[in-house]
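A.B. asks: Provided below are the primary sequence and the corresponding predicted coordinates.
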Amino acid sequence: MPAAVTATDLTLAYGTRVALADATFSIPEGRTVALIGPNGSGKSSLLRAMAGLLAPRSGTLEVAAARRRGGVSLVLQTTDVDRSLPLTVGEAVAMARYPHGGVLGRLTRVDRAAIDTALDRLAVGDLRRRQLSELSGGQRQRVLVAQGLAQEADLVLLDEPVTALDAVSHTLIDAAVEAERDAGRTVVTSTHDLADARRADLVVLLAGRVVGVGPPDEVLTESGLGDAYGGRLVTMGDNVLLLDDPHHHHHDHDDRPGPRSGPGRGEP
């Protein structure tokens with residue numbers, strides 16, 4: 001099967017701070033992939049690199065979908081969205097079609113169909129005229145995922161899309177991810193949740209390096225998780241538990257240098 005993403009001796013860094021070192025792995029097309037690992041393990045940096053927002057310090061990262069305009073879609077968490085922006089749900093999702101016709105291009109019938117389908121799949125079609133600032137956190141996250149899907153990219157990158165969401169939003173986003181995979185697209189999702197990672201076709205376990213790559217039952221083993229998480233791993237009978245950060249909000253900046261704005265800005 002052709003590779004959607006291939007990394008060879010990949011190192012990602014910000015200044016002198018290395019986020020991911022000497023990573024070598026391959027992700028086949030048409031699969032769901034979970035990136036999992038402790039705080040600062042390199043998940044966010046790897047997503048940004050796949051999206052073309054972070055250049056490798058050394059090694060190579062080949063992303064097949066990047067060869068066509070609009071081939072890669074990156075969906076961030078709602079915490080990255082400026083809630084003061086005067087933007088409606090419909091306008092936000094329509095932005096996903098800019099790569100197809102340009103910012104000044106008029107929406108075609110194909111564009112409108114893609115927008116409507118994405119809105120319906122995430123059950124936010126009835127919110128089309130609402131301002132993003134008026135929505136709940138779960139609704140905003142569903143709108144951002146709808147925006148990512150409306151782009152009809154070959155590679156969809158989701159940055160912890162279901163963290164701290166309500167059950168309805170979680171279920172809708174999970175279903176959308178599976179539908180993208182079934183349509184032949186590749187979906188890479190960062191997560192700190194073992195249950196979410198176990199539902200993926202492929203897992204990339206990170207700890208500032210690649211600890212393991214493969215099917216969940218081969219990678220998310222007690223030994224593999226112990227290697228990645230160390231003392232943050234607890235076994236209770238047949239269950240393996242990760243000690244979560246109770247103040248967990250968002251990890252997006254944890255791979256990058258600079259001050260953090262408060263406690264718990266990290267992956268567990």
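C.D. replies: It's in.

A.B. asks: shaky segments in the stretch 51-200 of the chain?
C.D. replies: Scanning the stretch 51-200 of the chain with the threshold set as pLDDT under 70 gives 78-83, 101-105.

A.B. asks: any idea how far Met95 is from Ile27?
C.D. replies: 27 Å (C-beta to C-beta, to the nearest Å). Where you see a C-beta, it was placed from the backbone N, CA and C, and this is true even at glycine.

A.B. asks: and what of Arg130?
C.D. replies: As judged by C-beta to C-beta, Arg130 and Ile27 stand 36 Å apart.

A.B. asks: now stretch 114-129: how far from the chain's centre is it?
C.D. replies: Relative to the chain's own centre, stretch 114-129 is displaced by 20 Å; criterion: C-alpha atoms, centre = their mean, to the nearest Å.

A.B. asks: gap between the two ends of it?
C.D. replies: Terminal residues of stretch 114-129 are spaced 17 Å apart (C-alpha to C-alpha, to the nearest Å).

A.B. asks: would you mark the buried spots in that stretch?
C.D. replies: Within stretch 114-129, the residues that count as buried by 16 or more other C-beta atoms under 10 Å are 114-115, 118-119, 121-125, 127-128.

A.B. asks: now swap in stretch 96-116 and tell me
C.D. replies: By neighbour count on 16+ other C-beta under 10 Å, the buried set for stretch 96-116 is 96-100, 111, 114-115.

A.B. asks: mind putting those residues into a markdown table with distance to Ser190 and secondary structure?
C.D. replies: Conversion of these to a markdown table gives the following (distance: C-beta to C-beta, whole Å; DSSP: H, G, I helix; E, B strand; the rest coil):
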| residue | distance to Ser190 | secondary structure |
| --- | --- | --- |
| Ala96 | 20 | helix |
| Arg97 | 25 | helix |
| Tyr98 | 24 | helix |
| Pro99 | 23 | helix |
| His100 | 26 | helix |
| Asp111 | 29 | helix |
| Ala114 | 25 | helix |
| Ile115 | 26 | helix |
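
A.B. asks: neighbouring contacts of the helix or strand where Ala195 lies?
C.D. replies: Assigning secondary structure by DSSP states H and E places Ala195 in helix 194-198. Identification of contacts with helix 194-198 by C-beta atoms under 8 Å, 6 or more residues apart in numbering yields 34, 36, 162, 189, 191, 203, 216-217, 220, 225, 240, 242.

A.B. asks: and the two most separated of those?
C.D. replies: Distance extremes for those: the farthest pair is Val162 and Asp217 at 21.4 Å, using C-beta to C-beta.

A.B. asks: mind checking which of the two has more residues around it?
C.D. replies: Each of Val162 and Asp217 has its neighbours counted (other C-beta atoms under 10 Å); Val162 has more, 23 against 9.

A.B. asks: against Arg185, how distant is the spatially closest residue to the more buried one that is not a sequence neighbour?
C.D. replies: Leaving aside its chain neighbours, Val162 sits nearest to His170 (4.6 Å; criterion: C-beta to C-beta, 6 or more residues apart in numbering). Separation of His170 from Arg185 (C-beta to C-beta) stands at 20 Å.
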